[in-house]
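In: what's the 3D shape of this:
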Amino acid sequence: MSIRIINGGMLTTVQDNGRIGYQQFGVPVSGAMDQQAAAIANILVGNEDNEAVLEVTMLGPRIEFQEANCIAVTGGDLTPQLDGKSFPMNRAVAVQKGQVLSFAAPRSGCRAYIAFAGGLEIPQVMGSRSTYLKAKIGGLEGRKLDKEDVIAFRAPTAQLPNMEKRAVADAETFTKTDVTLRVVLGPQDDAFTEAGIKTFLGETYAVTVQSDRMGCRLDGPVIEHVKDGNIISDGISFGAIQVPSEGKPIIMVADRQTVGGYTKIATVISADFSKAAQIKAGDKIRFVQVGITEAQDLYLDRKAYLRALREALSHTYDPSAGPAKQPPRPQKYACLPR
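Out: Residues are numbered from 1 along each chain as shown. The predicted structure follows:
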């Protein structure tokens, strides 16, 4: 059986880890903007990390369940509700046939993720179920979900083992509207004057409404180039911060083009990708420089946390032993700023 979309919301798409290995052919990676939240949702319902989820942006959909299954909602708090009553985030929940999942209004962040136990019946395109809207490929017919769409479950289950402990009590929250993003300078930081670098690291920038899954445009003080903002086009990674000749930074994200001809002053570290994915128009952004070794250590800590979470949920839980313990957080990950 399946889910039926009563209302598609503002922008709801099917996403996974992205379309890997095709950038040399001009095909963007796409995938979930907040990979950490999507992975946690999948782990909570017993899926592999790369299983397709629904990415919900700002104003969420209304979804009717045509068969019982277990789901989890993670990421930004868009006020999920089940049959009009509060729905717990960051926890696996059994839903019944006929129940309706909806979202009231954003309270923090701007993107939530819904994982379904057993996955969704979505065909792979170039090894991924992710939706790339501009090319209309992947997901459900390459588009956002709309009224009366139906997506089948692949292997639904009405109950999962260890349901009592399938929860994350210390998941990241996105309540701040003043956000600090850690960056590693480069690869074209030498294209900027010393004053330009100081401006970038010392001033505050505002997220504009001209932001989407391709890039997050910022407004604020002009960042000074040595010459101009043009280079011979080269590759662009998630989190790369382009600065065109006008001097205003753009954070490149999931649906970014594969190459670009603007100077890149820095790159957001992977440990802060979730924060970058959850910022919205009006939020204030500051950048802080860190070293490559610290960035790598924080990346490894995040990977270790996901492994620890999956391992903790795989162990048999005895309710008579008392409350379930949360999986251990790696020390450095526990110290990450919210």
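
In: tell me the SS of residue 310?
Out: helix (DSSP: H, G, I helix; E, B strand; the rest coil).

In: secondary structure element holding residue 213?
Out: Counting by DSSP states H and E, there is no helix or strand that carries residue 213.

In: name all residues that make contact with it.
Out: 30, 33, 133, 253-255 (CB atoms under 8 Å, 6 or more residues apart in numbering). Backbone N, C-alpha and C define where each C-beta goes, glycine included.

In: what are the phi and psi values at it?
Out: Dihedral pair for residue 213: phi -70, psi -10, per degrees, to the nearest 10.

In: quick one: the helices in the stretch 101-250 of the chain?
Out: 194-202 (DSSP state H, counting those that start in this stretch).

In: once you drop chain neighbours, what's closest to residue 13?
Out: residue 131 (4.1 Å; CB to CB, 6 or more residues apart in numbering).

In: ok, that neighbour - how many residues close by?
Out: Residue 131: 29 surrounding residues under other CB atoms under 10 Å.

In: hmm, residue 14 and it touching each other?
Out: Yes: under the criterion of CB atoms under 8 Å, residue 131 makes contact with residue 14 at 5.2 Å.

In: quickly list what's touching both of these two.
Out: 138-140.

In: residue 195: which of the residues you listed is nearest?
Out: residue 138 (43.3 Å; CB to CB).

In: contact partners for that closest one?
Out: 14, 19, 30, 125-126, 128-132.

In: restricted to buried residues, select the residues you listed in PyMOL.
Out: Per 16 or more other CB atoms under 10 Å, the buried members of the contacts of residue 138 correspond to this PyMOL selection:
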select buried, resi 14+19+30+125+128+129+130+131+132
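
In: would JSON lines of the contacts of residue 138 with pLDDT and distance to residue 151 be doable?
Out: Output for the contacts of residue 138, formatted as JSON lines (pLDDT from 0 to 100; distance: CB to CB, whole Å):
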{"residue": "14", "pLDDT": "98", "distance to residue 151": "8"}
{"residue": "19", "pLDDT": "97", "distance to residue 151": "19"}
{"residue": "30", "pLDDT": "98", "distance to residue 151": "18"}
{"residue": "125", "pLDDT": "97", "distance to residue 151": "15"}
{"residue": "126", "pLDDT": "97", "distance to residue 151": "20"}
{"residue": "128", "pLDDT": "98", "distance to residue 151": "16"}
{"residue": "129", "pLDDT": "98", "distance to residue 151": "11"}
{"residue": "130", "pLDDT": "98", "distance to residue 151": "14"}
{"residue": "131", "pLDDT": "98", "distance to residue 151": "12"}
{"residue": "132", "pLDDT": "98", "distance to residue 151": "18"}
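
In: next, give me the two most distant ones among the contacts of residue 138.
Out: Once CB to CB is applied, the contacts of residue 138 give 14 and 126 as the farthest pair, at 14.3 Å.

In: now, which of the contacts of residue 213 sits nearest residue 308?
Out: residue 33 (23.7 Å).

In: that closest one: how many residues sit nearby?
Out: 25.

In: can you offset everything so residue one is 314?
Out: Understood, numbering begins at 314; the last thing we discussed is residue 346.

In: what about it, distance to residue 626?
Out: 24 Å (CB to CB, to the nearest Å).

In: for residue 440, same thing?
Out: Counting by CB to CB, the gap from residue 440 to residue 626 is 27 Å.

In: relative to the whole chain's centre, how far out is stretch 489-501?
Out: In this view, stretch 489-501 has its centroid 17 Å away from the chain centroid, taken as CA atoms, centre = their mean, to the nearest Å.

In: pull the residues that contact that stretch.
Out: By CB under 8 Å, 6+ apart, stretch 489-501 touches 510, 517, 544, 547, 554, 564, 576-582, 584-585, 588-589, 592, 595-605, 608, 650-651.

In: ok, which stretches of the stretch 314-463 of the chain are strands?
Out: Remark: strands assigned in the stretch 314-463 of the chain by DSSP state E, counting those that start in this stretch are 315-320, 324-328, 366-370, 375-378, 382-390, 393-395, 398-399, 406-408, 413-416, 421-429, 463-465.
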